[in-house]
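Student: How does the following fold in three dimensions:
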Amino acid sequence: MGKLDEKKKLKRESLLGAAFTLFTSKGINDTSISDIAKRANMAKGTFYLYFKDKFDLRDKLIAAKANALFHRAAEELEKQPVTELEDKVVFIADHIINQLNGDKILLKFLSKNLSSGVFRNTLFGQGEAGEYSFYDGYTLLLEQSGRKFHNPDLMLYMIVELISSTCYSVILYQHPVTLDKLKPELYNAIRDMIKRQEITDGEML
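Tutor: Sure, this is the predicted structure:
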């Protein structure tokens, strides 16, 4: 990466960081582009070199934060002697949940904004050049398993949404159960999803 590209990357990251601080303290509606630029120590016009508007920034911020969660989990998975697909997916899920449990501000931000449309931007959309893509990593996991599935994208969507929706109240309020009680049931549900989506040998004939 050249010096110019590095400077552009740093400016973009500065805008994203400023926006995250403001979005999670003031809310998106009460945060202006001028607020974001000012906090990032940039001219307002610089903002538009990187983002269309604050909602475009929000979507890209969600993508960046979500991919960072998945990336850290994937890196830890590589260190583990895990071979079965279900075990790999559950390991990643557990690692992500533990990260969110340790960063409740991030949990609130992602859960509040993770709509279906934004989900597609986050995992299936085109990220920045050189950035980790969890969707590519997920596709590789399926390929390595040697198994075929009816609708891999739907399976991923359902797993991520299940984690997001069930963990929010449990982590923040320990309601209706504690996280320790939720995890076994949640992971069994994830394993069942994978098995139901798998194309059996009989179906392939």
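Student: CA only for contacts and neighbour counts going forward, please
Tutor: Will do.
Student: Just say helix, strand or coil for the residue positioned nearest the centre of the chain.
Tutor: The C-alpha lying nearest the average C-alpha coordinate of the chain belongs to Ala66 (Cα atoms, centre = their mean; 2.3 Å). Of the three states, Ala66 takes helix under DSSP: H, G, I helix; E, B strand; the rest coil.
Student: any idea how far Phe55 is from it?
Tutor: For Ala66, the distance to Phe55 equals 16 Å [Cα to Cα, to the nearest Å].
Student: now do Ala93
Tutor: From Ala93 to Phe55 the distance is 27 Å (Cα to Cα).
Student: what about the two, which has more around it?
Tutor: Ala93 (23 against 12; other Cα atoms under 10 Å).
Student: In space, what's closest to that one - neighbours in sequence excluded?
Tutor: Nearest residue to Ala93 in three dimensions, chain neighbours excluded: Ile163, at 7.5 Å (Cα to Cα, 6 or more residues apart in numbering).
Student: count of neighbours near the nearest residue to Ala43 once chain neighbours are set aside?
Tutor: Sequence neighbours aside, Ala37 is the residue nearest to Ala43 in space, at 6.0 Å (criterion: Cα to Cα, 6+ apart). Residues contacting Ala37 under the criterion other Cα under 10 Å number 20.
Student: Going by secondary structure, Ala37 is in what exactly?
Tutor: Following DSSP states H and E, one finds Ala37 within helix 33-39.
Student: quick one: that helix to chain centroid distance?
Tutor: 25 Å (Cα atoms, centre = their mean, to the nearest Å).
Student: what does stretch 97-110 give?
Tutor: Distance, centroid of stretch 97-110 to centroid of chain: 11 Å (Cα atoms, centre = their mean).
Student: first vs last residue of that stretch, how far apart are they?
Tutor: For stretch 97-110, the end-to-end distance is 12 Å (Cα to Cα).
Student: show me the contacts for Glu84.
Tutor: Ser145 (Cα atoms under 8 Å, 6 or more residues apart in numbering).
Student: State the distance from it to Ala18.
Tutor: Applying Cα to Cα to Glu84 and Ala18 gives a distance of 40 Å.
Student: low-confidence ranges in this protein?
Tutor: 1, 112-131, 202, 204-205 (pLDDT under 70).
Student: Kindly recompute the last result at 80.
Tutor: 1-2, 4, 112-133, 201-205 (pLDDT under 80).
Student: Okay, buried residues for stretch 158-176 please.
Tutor: By neighbour count on 16 or more other Cα atoms under 10 Å, the buried set for stretch 158-176 is Ile159, Glu161, Ile163, Ser164, Thr166, Cys167, Tyr168, Val170, Ile171.
Student: Please apply the same query to stretch 189-196.
Tutor: Those would be Ile190, Arg191, Met193, Ile194, for stretch 189-196 by 16+ other Cα under 10 Å.
Student: Next: stretch 39-53.
Tutor: Arg39, Ala40, Phe47.
Student: Could I have the CA atoms of it written out in PDB?
Tutor: The C-alpha trace of stretch 39-53 is given here as PDB (Å, rounded to 0.1, in the frame of the first residue of the first chain):
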ATOM      1  CA  ARG A  39     -14.700  14.900  15.700                       C
ATOM      2  CA  ALA A  40     -12.500  13.300  13.100                       C
ATOM      3  CA  ASN A  41     -10.700  16.700  12.700                       C
ATOM      4  CA  MET A  42     -11.500  17.000   9.000                       C
ATOM      5  CA  ALA A  43     -13.400  19.400   6.700                       C
ATOM      6  CA  LYS A  44     -17.000  18.500   6.000                       C
ATOM      7  CA  GLY A  45     -16.200  18.200   2.300                       C
ATOM      8  CA  THR A  46     -13.700  15.400   3.100                       C
ATOM      9  CA  PHE A  47     -16.500  13.300   4.400                       C
ATOM     10  CA  TYR A  48     -18.100  13.000   0.900                       C
ATOM     11  CA  LEU A  49     -14.900  11.600  -0.600                       C
ATOM     12  CA  TYR A  50     -15.500   8.500   1.400                       C
ATOM     13  CA  PHE A  51     -19.300   8.200   2.100                       C
ATOM     14  CA  LYS A  52     -22.500   9.300   0.300                       C
ATOM     15  CA  ASP A  53     -24.200  10.300   3.600                       C
END
